[in-house]
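> Task: produce atomic coordinates for the following.
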Amino acid sequence: MAAAASSTNRPGALEITRRLAEICGPPFARFAGAADEVAGRTARWVAVPGGPHAAAEVLRLAAAHDLTVVPRGAGTKIDWGAAPAQVDILLDTGRLAGVWHEPQGSPLAEIGAGTPLRAVQASLGRTGRRLPVDVPSPGATLGGVLAADEAGPLRHRHGSPCAQLVGVRYLDADGELVSIGESGTTSLGRAAPTARDQAGGGGAAASPGLPGGAAALFGTGDLPGLDVARLLCGSQGGLGVLVSATLRVQAVPASRVWVSRPVWTPLEVHDLVRAVLAARLDPAAVELDLPVPVPLPRRRVHPSHPSVFARPDHPAVAGRPARPAAAGSLVVLLEGGPADVAERAERLAALLGPEATTASAAPEWWGRYPFGPGDTALRVEVPINDLHAAVYALRDAVGVPVPVRGSAGVGTVYATLPAALPADRVAAILAAVRGVLLARQGRCVVVAAPTPVRRVVDLWGELPTLPRLRTAKAHLDPHQRLAPGRLPGGL
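Residues are numbered from 1 along each chain as shown. Next up, the predicted model:
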C-alpha cells in the first residue's frame, strides 16, 4: 500500500506505530490503507482509541512528533468540504460510543461521539424517547453529525442537532479534555484512565477550573462556554476532537402523519409554503422534492396514425398546462397526539386542495439527499420568501433545471449539478447564484464535489464569520495540528 510505504519510510514511523498500538491496543492501530482518506487525501496511520484518555494520548503523541490528526466517525461525510493539507493520523471515534449518562427522568442524555444515531434512537426508544434528529446520512455517528452541522427534516421544528446541544466534552489540540455545559466551562486536564476507558468506553470526572482557551478567546461574560461548543459544530474536526455531547431528548410522538401535494414550479412551492406557515398548524417538517422535469411526449392526433403528432397549438392539446411528466412534491409532517394530528391533517389537506393526500409513512425520498458519491452537491440557504428566486437563479445559471430537495419551510435545500460540468463551469455557476443570493441574505455552499472541482471552486463563498473562525483556530489550534485546511479560508 502506498500510504503504508510512505509511513514506514518516515523517520521514527515504526516507533510511532508501536506507541499507537500501546495506546489503542494492537488490533486498533495500523498503517492506513487506500480507503483511509479524507476528501481524497490519504492518511498515514489509523488509530481507534478505546476511550477519552486513550484519544488524549493519541493527540499528545501527535503533538510530540508534529503530526496532524483528523477525526473520523462512520465516514458518511468524509468527502464533504475541503481536503485537509495533510492527514498523518486518522483518529477513528468508533470506540467512543454509548449512551453514557442518562439521568432518571431527565430530558437530557450524554452520548459518545462515535455512537451511530440509529443505535442512540434504538436505545432511547426502549423507554419511549428519541433525539429529535433525523439526518439523511445512513449510519452517521453523533460526532460526525455535529462536526458537519448536518440536519434533516425535523430541523423545521427543533433546529439543527447543534442547536439542541446542552454541553460537550472535547479534546483540544494538546490532548486536554475540556467540558462545556450550562454551568460553564471546565478543564478536565490530563484525565487518568477510568474503568470505562480500560473497558473500551469513555468517561472522566470533571474538576473545577476554567481553561485559558475559551476564557481568553471569548471572555467569561460576553459569551458562555456553550458558544465555544457550537463553534465545534461544522468545524470538521478542525478545532477539537469531540468525545461526547449532551443533548435534549423527548417523548416519541404518539402519531405522525405526512400530508403531500404535487407541485410543479418553485413559485407554486413559495405560495404553498407561505399558506402552510400562515395556517399555524405547527408542522414538524415541511419538505420539498423537485426532481428534474421530463417533458411530456407530443400527443398523437389519431391512434390509427402513430406517426402523426400534435403541435403545441393543436386543438387536442391547446389550453392544457405545459407541465413536466413527473411532478415534484411538497410534504408536511405533523406530530402529536392522535386526535390532534388527525384534526390538523384534515385542515391541512383542505388548505392544500383536492390533490393533497395523507399517509402514515414518509415518501421514499424523505430524509434523503438528491445527490450521491461523485456528484457536485450544493446547499442553498435563503429566507423562505426568497427560496423560489434562489431555485430559479440556479436553473438560469446552469441552463437546465436541476434536482432540488430539502427543508422548504426554513429555506435550506440541496441541489445536484450535472456530473459532466467542468470545474470552471461550476465556478461560473456558483458566482452567478451567489450574486443573486447576496442581495437576499442567502448563501450557496459546495457540500461535496469531485476532486477537480474542489480544487478550483470557492466552496463557501463570502463568509462574514471568517475572522472569528480564524481567531478561534489560532487560539485553539495554533500549530495547525487538527484537520489543517478543512475549515474555510484554508484554516
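
> where are the low-confidence patches of the stretch 251-400 of the chain?
For the stretch 251-400 of the chain, the stretches with pLDDT under 70 are 293-326.

> Strands along that one, start to end?
Assigned by DSSP state E, counting those that start in this stretch, the stretch 251-400 of the chain shows strands spanning 255-263, 285-290, 328-336, 357-359, 376-381.

> Quick one: closest of those strands to Arg169.
Nearest to Arg169 among the strands of the stretch 251-400 of the chain is strand 376-381 (28.4 Å), distances taken as CB to CB. No exception for glycine: its C-beta is placed from N, CA and C like everyone else's.

> got the CA positions of the closest one in PDB?
What follows is strand 376-381, C-alpha atoms only, in PDB (Å, rounded to 0.1, in the frame of the first residue of the first chain):
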ATOM      1  CA  THR A 376     -21.200  18.200  -7.100                       C
ATOM      2  CA  ALA A 377     -23.700  18.900  -4.300                       C
ATOM      3  CA  LEU A 378     -24.800  22.400  -3.200                       C
ATOM      4  CA  ARG A 379     -26.600  23.600  -0.100                       C
ATOM      5  CA  VAL A 380     -28.700  26.800  -0.600                       C
ATOM      6  CA  GLU A 381     -29.700  28.800   2.500                       C
END
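
> Most tightly packed of the strands of the stretch 251-400 of the chain?
strand 285-290 (a mean of 24; mean count of other CB atoms under 10 Å).

> all helices of the stretch 201-350 of the chain, in order?
212-218, 225-232, 266-278, 338-352 (DSSP state H, counting those that start in this stretch).

> ok so, going back, want to try JSON lines for the strands of the stretch 251-400 of the chain, with distance to Val433 as columns?
Below are those laid out as JSON lines (distance: least, CB to CB, whole Å):
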{"stretch": "strand 255-263", "distance to Val433": "21"}
{"stretch": "strand 285-290", "distance to Val433": "16"}
{"stretch": "strand 328-336", "distance to Val433": "20"}
{"stretch": "strand 357-359", "distance to Val433": "33"}
{"stretch": "strand 376-381", "distance to Val433": "8"}
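
> Quick one: closest of these to Arg274.
Nearest of the strands of the stretch 251-400 of the chain (CB to CB): strand 285-290, 10.8 Å.

> close enough to count as contact, Thr357 and Val259?
Yes: Thr357 is within contact range of Val259, at 7.4 Å (criterion: CB atoms under 8 Å).

> shared neighbours, those two?
Listed contacts common to Thr357 and Val259 are Ala349; contacts here mean CB atoms under 8 Å, 6 or more residues apart in numbering.

> ok so, going back, which among the helices of the stretch 201-350 of the chain is found nearest to Gly128?
For those, the distance to Gly128 is smallest for helix 338-352, at 15.3 Å, taking CB to CB.

> what does the closest one contact?
Contacts for helix 338-352 (CB under 8 Å, 6+ apart): 254-257, 259, 261, 272, 275-276, 279, 281-282, 330, 332, 334-336, 356-358.

> so the residue nearest to the spatial centre of the chain is in which element?
Nearest to the mean C-alpha position of the chain, counting by CA atoms, centre = their mean, stands Glu150 at 2.0 Å. Assigned by DSSP states H and E, Glu150 falls within no helix or strand.

> And for Ala122?
helix 117-125.

> strands paired with the helix or strand sitting right after that helix along the chain, and their directions?
Next helix or strand after helix 117-125 toward the C-terminus (DSSP H and E): strand 129-130. Neighbouring strands of strand 129-130 in its sheet, by DSSP bridges, are strand 250-251 (antiparallel).

> gap between the partner strand and the chain center?
Averaging C-alpha positions (CA atoms, centre = their mean, to the nearest Å) puts strand 250-251 22 Å from its chain's average.

> What is the burial count for Ser46?
That one is not Ser; residue 46 is Val. Neighbour count of Val46, defined by other CB atoms under 10 Å: 22.

> Was I right to think it contacts Ala32?
Yes: between Val46 and Ala32 a contact is recorded at 5.1 Å, counting by CB under 8 Å.

> Gly489 and Leu459, how far apart?
Here Gly489 is placed at a distance of 10 Å from Leu459 (CB to CB, to the nearest Å).

> Looking at the two, which one has more neighbours?
A direct count of neighbours by other CB under 10 Å for Gly489 and Leu459 places Leu459 higher, at 16 against 13.

> The more buried one is in contact with Arg443, isn't it?
No: the criterion here is CB under 8 Å, and Leu459 misses it with Arg443 at 11.4 Å.

> quick one: contacts of the one helix or strand Arg157 maps to?
Assigning secondary structure by DSSP H and E places Arg157 in helix 155-158. By CB under 8 Å, 6+ apart, the residues outside helix 155-158 that reach it are 132-133, 164, 282-286, 335, 407, 409-410, 412.

> same thing with stretch 440-456?
For stretch 440-456, contacts defined as CB under 8 Å, 6+ apart pick out 39-40, 77, 79-83, 371, 374-383, 386, 389-390, 394, 411, 414, 422-424, 426-427, 430, 433-434, 436-437, 457, 459-462.

> try 6 Å this time
Identification of contacts with stretch 440-456 by CB atoms under 6 Å, 6 or more residues apart in numbering yields 40, 79-80, 374, 376-382, 386, 390, 423, 426-427, 433-434, 437, 459-460.

> How about stretch 395-403?
Contacts of stretch 395-403 (CB under 6 Å, 6+ apart): Pro291, Val292, Pro293, Pro370, Ala415, Thr416, Ile429, Ala432, Val433.

> In CSV, list those residues along with distance to Ala54 and neighbour count.
Formatted as CSV, those follow (distance: CB to CB, whole Å; neighbours: other CB atoms under 10 Å):
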residue, distance to Ala54, neighbour count
Pro291, 47, 17
Val292, 48, 15
Pro293, 53, 16
Pro370, 39, 22
Ala415, 41, 27
Thr416, 40, 19
Ile429, 45, 23
Ala432, 49, 16
Val433, 45, 25
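
> And those residues, which is closest to Thr68?
Nearest to Thr68, judged by CB to CB, of the contacts of stretch 395-403 is Thr416 at 31.5 Å.
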